[in-house]
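1. sequence plus the predicted model coming up.
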Amino acid sequence: MDDATVLPAMWSLRSEGVVDEKSEGQPEQRARRPGRRLRGAVAHKLGVAILSGEYKPGDILTGEIAAAEALDVSRGAYREAVQVLTAKGLVESRAKTGTQVLPRERWNLLDPDVLAWAFTGEPDERLVRSLFELRLVIEPAAAGFAAERRTREDVKRMGDALKGMRRHSLATPTGVAADRDFHSALLRATGNDAMVVLGSSIGAAVAWTTQFKQRTHALLRDPIPDHARVYDAIVARDVAGATAAMRLLVELALTDTRIAMPPREGDGRVDLA
């Protein structure tokens, strides 16, 4: 991609109400106080463009001055946004070459922000498949550990989350949040520090795929009973039952997501196998 075409003209953040109108016409004031909201908006714009494939690995982003003008933000806000992307492994800045999009294998795809950027547009099937493969590796084993090691507090956290899912349904933001909390509580119940660290990433993947499946129509089936079977097995300290129930839950979620994704050109459906 030619670096002169990297930033579309429509990318003015003022038109989206992000730039503080009080600082309009006062770039020095904006530079002193770019603010988290403005920095986050720029990072979001750039992140979505990278995850959607608009910017490809190896592309050089527009220079700081031109990019800040195109986005209608201060250079400081743009620079901070690039630092956010750098920390997530999406780009790398060098003195002579500028800011370059890194190879996909360098991206922190488990970062909750990166997942959000991926699902803002149309997530590619490779990413969706990767997320579910990770879940199939981690979550059934985690459910087995949770059944063996869970405490009363763990059971209460999972139970409260399940109640929230039932009360609000997965068609509401509150219900989706409860779903995320259920999976995070389950990982916490493993007593395995490495698995617990994955809680925010697994939770984000669950939340975004659940919302993605409902973009154009309601869920074709209710997955809450799948969660209830996992919960009941953990409460009963049924290690094998919890492992099997969680594997089935993730496999069914993959099937639901596969149906929700647009078909591949030429064959009428998405291949996530």
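-> That came through, no problem. Numbering: from 1, shown residues only.

2. how close does the closest residue to residue 213 other than its chain neighbours sit to residue 211?
-> Residue nearest to residue 213 in three dimensions, not counting chain neighbours: residue 260, with 4.3 Å by Cβ to Cβ, 6 or more residues apart in numbering. (C-beta placed from N, C-alpha, C; glycine too.) Using Cβ to Cβ, to the nearest Å, one gets 10 Å for the distance from residue 260 to residue 211.

3. show me where the stretch 1-150 of the chain dips below the pLDDT cut-off.
-> Within the stretch 1-150 of the chain, the ranges that satisfy pLDDT under 70 run 1-36.

4. got a list of what the nearest residue to residue 248 once chain neighbours are set aside touches?
-> Take residue 248 and drop its neighbours on the chain: the residue closest to it by Cβ to Cβ, 6+ apart is residue 226, 6.7 Å away. Listed by Cβ atoms under 8 Å, 6 or more residues apart in numbering, the contact set of residue 226 reads 245, 248-249, 252-253.

5. run the last query once more with 10 Å
-> Shown in contact with residue 226 (Cβ atoms under 10 Å, 6 or more residues apart in numbering): 245-246, 248-253.

6. which members of those occur in strands, if any?
-> Assignment to strands by DSSP state E places none of those there.

7. out of those residues, who's nearest residue 37?
-> Checking the contacts of residue 226 against residue 37 by Cβ to Cβ gives residue 253 as the nearest, at 33.0 Å.

8. count the neighbours of that closest one for me.
-> 19 (other Cβ atoms under 10 Å).

9. same question, residue 146
-> By other Cβ under 10 Å, the residues close to residue 146 number 32.

10. with adjacent residues omitted, what lies nearest to it?
-> Per Cβ to Cβ, 6+ apart, closest to residue 146 is residue 189, 3.8 Å.

11. now a ChimeraX select for only the buried ones of the contacts of residue 226.
-> A single ChimeraX command selects the buried members of those (16 or more other Cβ atoms under 10 Å):
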select :245,246,249,250,253
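
12. out of the contacts of residue 226, flag the one nearest to residue 176.
-> Distances from residue 176 to the contacts of residue 226, taken by Cβ to Cβ, are shortest for residue 253, at 13.0 Å.

13. for stretch 231-251, give me every contacting residue.
-> By Cβ under 10 Å, 6+ apart, the list of residues contacting stretch 231-251 from outside reads 132-150, 154-155, 158-159, 161-162, 182-183, 185-186, 189, 206, 223, 225-230.

14. how about 6 Å then?
-> Contacts with stretch 231-251, where a contact means Cβ atoms under 6 Å, 6 or more residues apart in numbering, come from 135-136, 139-140, 143-144, 146-148, 150, 155, 158, 162, 226, 229-230.

15. same deal with stretch 110-121?
-> Here stretch 110-121 has contacts from 47-48, 51-52, 88, 108, 127, 200-201, 204, 208, 212, using Cβ under 6 Å, 6+ apart.

16. related to what we said a few turns ago, and the helix or strand encompassing the residue nearest to residue 248, how far from the chain's centre?
-> Residue 226 is located in helix 224-235, with elements delineated by DSSP states H and E. Relative to the mean C-alpha coordinate of its chain, helix 224-235 is positioned 25 Å out (Cα atoms, centre = their mean, to the nearest Å).

17. now it: buried residues?
-> Buried-residue list, helix 224-235, by 16+ other Cβ under 10 Å: 224, 226-227, 229-231, 233-234.

18. quick one: mean pLDDT over it.
-> Averaged across helix 224-235, pLDDT comes to 98.

19. then that helix to CSV, C-alphas only?
-> Backbone C-alpha positions of helix 224-235 (Å, rounded to 0.1, in the frame of the first residue of the first chain) are rendered in CSV as follows:
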residue,chain,number,x,y,z
ILE,A,224,-27.5,-21.0,28.6
PRO,A,225,-28.5,-24.6,29.3
ASP,A,226,-25.0,-25.6,28.0
HIS,A,227,-23.5,-23.4,30.7
ALA,A,228,-25.8,-24.8,33.3
ARG,A,229,-24.6,-28.4,32.5
VAL,A,230,-21.0,-27.2,33.1
TYR,A,231,-22.0,-25.5,36.3
ASP,A,232,-23.9,-28.5,37.6
ALA,A,233,-20.9,-30.8,36.9
ILE,A,234,-18.5,-28.5,38.7
VAL,A,235,-20.8,-28.2,41.7
